[in-house]
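Undergrad: I'd like to go over a predicted model; first the sequence, then the structure.
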Amino acid sequence: MAADQEVDTESVKTPIRPAVGRAWAVASIVVGVMLLAWFFVAWLILDRHFVDAAGESVGTAFALLLAVSLIGAIRRGTGNG
C-alpha cells in the first residue's frame, strides 16, 4: 500500500536545526577537559578510589547539564530564548 502512494517532496519541510556556535563548542571542550582534570586530581592527588573519582566527575557533569537545562527552560519561558 505505501509503495503506491506518492510523496510530494516540496511540501515536506526539513526541521530547522540551529548551528552550534563557536563559543558553545569551545565551552564544551573546556568543561570536558576540566571534568577530566578533576577526575585525575581526585584519583591521583586526593587518593580517592577510581570509581569514587569517576563518580565525582560524572556527578558534576550531570549537575552542569541540569543547570544548563534549567537556564534554557527559564529563558524560553520568559521569551528570551
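TA: All right, it came through fine. Numbers count the residues shown, from 1 in each chain.
Undergrad: longest helix in this structure, please.
TA: For the chain, the helix with the greatest residue count under DSSP state H is helix 50-77.
Undergrad: nearest residue to the middle of this protein?
TA: residue 65 (6.3 Å; Cα atoms, centre = their mean).
Undergrad: residue 45 versus that one, what's the distance?
TA: 26 Å (Cβ to Cβ, to the nearest Å). (C-beta placed from N, C-alpha, C; glycine too.)
Undergrad: one more: residue 57?
TA: Residue 57 is 14 Å from residue 45, by Cβ to Cβ.
Undergrad: more neighbours, these two?
TA: residue 57 (19 against 9; other Cβ atoms under 10 Å).
Undergrad: out of everything not next to it in sequence, what's closest to the more buried one?
TA: residue 39 (4.2 Å; Cβ to Cβ, 6 or more residues apart in numbering).
Undergrad: which ones are touching that neighbour?
TA: 53-54, 56-57 (Cβ atoms under 8 Å, 6 or more residues apart in numbering).
Undergrad: pull out the buried members of those.
TA: 53, 56-57 (16 or more other Cβ atoms under 10 Å).
Undergrad: distance check, residue 27 against residue 51.
TA: 28 Å.
Undergrad: and these two? which has more neighbours close in?
TA: The residue with more neighbours, out of residue 27 and residue 51, is residue 27; 12 against 9, by other Cβ under 10 Å.
Undergrad: for residue 21, see how far away that one is.
TA: 9 Å.
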